[in-house]
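1. prediction below, plus the sequence it came from.
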Amino acid sequence: MAQVAISNVAKAFGTVKVLHDVSVDIADGQFVVLVGPSGCGKSTLLRMVAGLETISGGTIAIGDRVVNHLPPAKRDIAMVFQNYALYPHKTVEQNMAFALKLRKTDPAVVSERVKHAADILDLNPYLKRYPRQLSGGQRQRVAMGRAIVRNPQVFLFDEPLSNLDAKLRVQMRAEIKELHQRLKTTTIYVTHDQIEAMTMADKIVVMRDGRIEQVGAPLELFDRPANLFVAGFIGSPS
Ligand code: ADP
Ligand code: MG
């Protein structure tokens, strides 16, 4: 059974259709990258999985539950955004603990989970600092820490590296992959960067204008692109 099953999903904002009949199955533990030009509907699709946008047609299932009408907090997902969305007046430790505290998690469990996340993300020296006292890469790690402590079934990333400089992007790509190898959490990762897609994905979903052009492993798309769009998009440097 797919861990995330997106079946014939459509989305319209008013009369404007932005996703048409999109279907993707994501297996347990898989790292799937949604890639395509700006405006093709990647964030909208991810936000529908997260429960941040309503679904105009089709179904989305996580595990064995259709989640179409479940609020975000009941979906067992954690999302990492492009702009980090850290709380400026909370320390690193408090930022990571906050979501669990809201859920009235046992304080011993909270501190154990925060410690585990800080260990794997190398954040121990920074636990008492505030976001403004951190570098871009460290902030991104805190954003990931907040997702990890929730121990979700699925991680959702929306262009998490797009605010970082080129060198840091390469480093953070490797860190996110290492994290995935360690935790094996099913991941949906959105980017418009084909290099990111090629280096990170188990499976790539290439989108254009609200439709899926091709789904496959990185080398499959590179060796056997379904059409000129995929060939041009995957083949060209970013
Ligand atoms: P991507 O993430 O691939 O850049 P988006 O999913 O953000 O693309 O956007 C897909 C399309 O939907 C775009 O044409 C965008 O303008 C439109 N769109 C996104 N959000 C809204 C909204 N809240 N209201 C109206 N149109 C929207
Ligand atoms: Mg987007």
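-> That came through, no problem. Numbers count the residues shown, from 1 in each chain. Ligands and ions are numbered 1, 2, ... in the order given.
2. please look at residue 47 and residue 60 and confirm they touch.
-> No - look at residue 47 against residue 60 with Cβ atoms under 8 Å: they stay out of range, at 11.0 Å. Glycine gets a C-beta too; all of them are placed from N, C-alpha and C.
3. which of those two has more neighbours?
-> Applying other Cβ atoms under 10 Å to residue 47 and residue 60 shows that residue 60 carries more neighbours, namely 23 against 18.
4. so what strands line up beside the helix or strand that one falls within?
-> Assignment of secondary structure by DSSP states H and E places residue 60 within strand 57-62. Sheet pairing for strand 57-62, assigned by DSSP bridges, gives strand 4-13 (antiparallel), strand 65-66 (antiparallel).
5. specify the local secondary structure of the residue most central in space within the chain.
-> What sits nearest the mean C-alpha location of the chain, by Cα atoms, centre = their mean, is residue 157, with 1.8 Å. Look at residue 157: counting by DSSP: H, G, I helix; E, B strand; the rest coil, its state is strand.
6. what's the closest non-adjacent residue to residue 225?
-> Spatial nearest neighbour of residue 225, excluding adjacent residues (Cβ to Cβ, 6 or more residues apart in numbering): residue 231 at 3.9 Å.
7. do residue 176 as well
-> Residue 176 sits nearest to residue 200 (Cβ to Cβ, 6+ apart), 6.9 Å away.
8. OK, contacts around that neighbour?
-> Applying Cβ atoms under 8 Å, 6 or more residues apart in numbering to residue 200 gives the contacts 31, 33, 173, 176-177, 189.
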